[in-house]
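Trainee: quick one, what's the 3D model for this:
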Amino acid sequence: MVPRGALLILLSGTVAARADAGPPRGTVLLVRGVMTVFSLGLDDLATKLPCHELEVQVVPTSWSPHATRHIAQRYMRGELDGPLVLIGHSLGGDMLPGLAQQLGASGQTVDLMIMIDATNPSDVPMNVRRCVNLYQSNFSPTWFRVFRGVPIRATNPATQLVNVDIRQFPEIQEAATLHHFNIEASDWVHQLVICEIQHLLRSRGE
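Mentor: Modelled structure (predicted):
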């Protein structure tokens, strides 16, 4: 679990302004949950991201493998050479490790992967540099993983893995009202995602 003080420092960052100079060099792919009527908070999140020289697209789970192939092809052609970020909610979060593996098969590294209350998450693949797993623990039996809210593991010891059980942060004003079907629309979650991407951009000098 991320230390409380470190998380609060992360959340204290300011939101960068959008900039339209130059062609996009990196990309953010957001993957919705089951069907297209859930995870609509990801659309709102997409409009808030500090997208200086980043493309942002939101796709349903059924479209995510195609979108990932297209992204891999663009990196291989040199059309993209900046940060690659994957974000997913619910079933979309479950999809992310497989999508990262798909990108890894073409030699592409995922700079940041953020899973938002994934229903049945698997281990983080070797080619992911940093993964933030936001989840909500509950009292489902251990054999019933769906909606149970669990930490995950990283295959690569070099991966920076942060498991955040939101229920361990009672000072979050929204915590009492958050559940699986509204967490992706949470302003608190959006701010955390924005800060993670800002930090990534600063670390790469974007």
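Trainee: in stretch 56-71, what counts as buried?
Mentor: Of all the residues in stretch 56-71, those buried under the rule 16 or more other CB atoms under 10 Å are V56, V58, V59, P60, T61, S64, A67, T68, I71. Where C-beta positions appear, they are placed from N, C-alpha and C, glycine not excepted.
Trainee: which residues does it contact?
Mentor: Counting by CB atoms under 8 Å, 6 or more residues apart in numbering, stretch 56-71 makes contact with 27-36, 42-43, 46, 49, 80, 84, 88, 91-92, 95, 99, 102-103, 108, all of which sit outside it.
Trainee: would you turn the buried residues of stretch 56-71 into CSV with pLDDT?
Mentor: Below are those laid out as CSV (pLDDT from 0 to 100):
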residue, pLDDT
V56, 94
V58, 96
V59, 95
P60, 94
T61, 94
S64, 97
A67, 97
T68, 98
I71, 97
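Trainee: please flag which of the contacts of stretch 56-71 sit within strands.
Mentor: The subset of the contacts of stretch 56-71 located in strands under the criterion DSSP state E comprises T27, V28, L29, L30, V31, L84, G88.
Trainee: pull the contacting residues for the third one.
Mentor: The neighbourhood of L29, defined by CB under 8 Å, 6+ apart, consists of Q57, V59, S64, A67, T68, I71, V85, L86, I87, L99.
Trainee: again, only using 6 Å
Mentor: L29 makes contact with Q57, A67, L86, according to CB atoms under 6 Å, 6 or more residues apart in numbering.
Trainee: beta partners of it?
Mentor: The residues paired with L29 through beta bridges, assigned by DSSP bridges, are Q57, L86.
Trainee: tally of neighbours for the residue nearest to G104 when sequence neighbours are not counted?
Mentor: In space, G104 comes closest to N127 once its chain neighbours are excluded; the distance is 3.6 Å by CB to CB, 6 or more residues apart in numbering. Residue crowding around N127 was assessed by other CB atoms under 10 Å; the count is 22.
Trainee: all numbers from here: first residue = 289
Mentor: I'll keep to 289 as the first residue from here, and by that count the last item is N415.
Trainee: contacts only, for N415.
Mentor: Residues touching N415, when contacts are defined by CB under 6 Å, 6+ apart, comprise G392, T397, V398.
Trainee: 7 Å instead?
Mentor: By CB atoms under 7 Å, 6 or more residues apart in numbering, the residues touching N415 are A388, L391, G392, T397, V398.
Trainee: need phi/psi at the fourth one.
Mentor: In other words, T397. As for T397, its main-chain torsions (degrees, to the nearest 10) stand at phi -90, psi 140.
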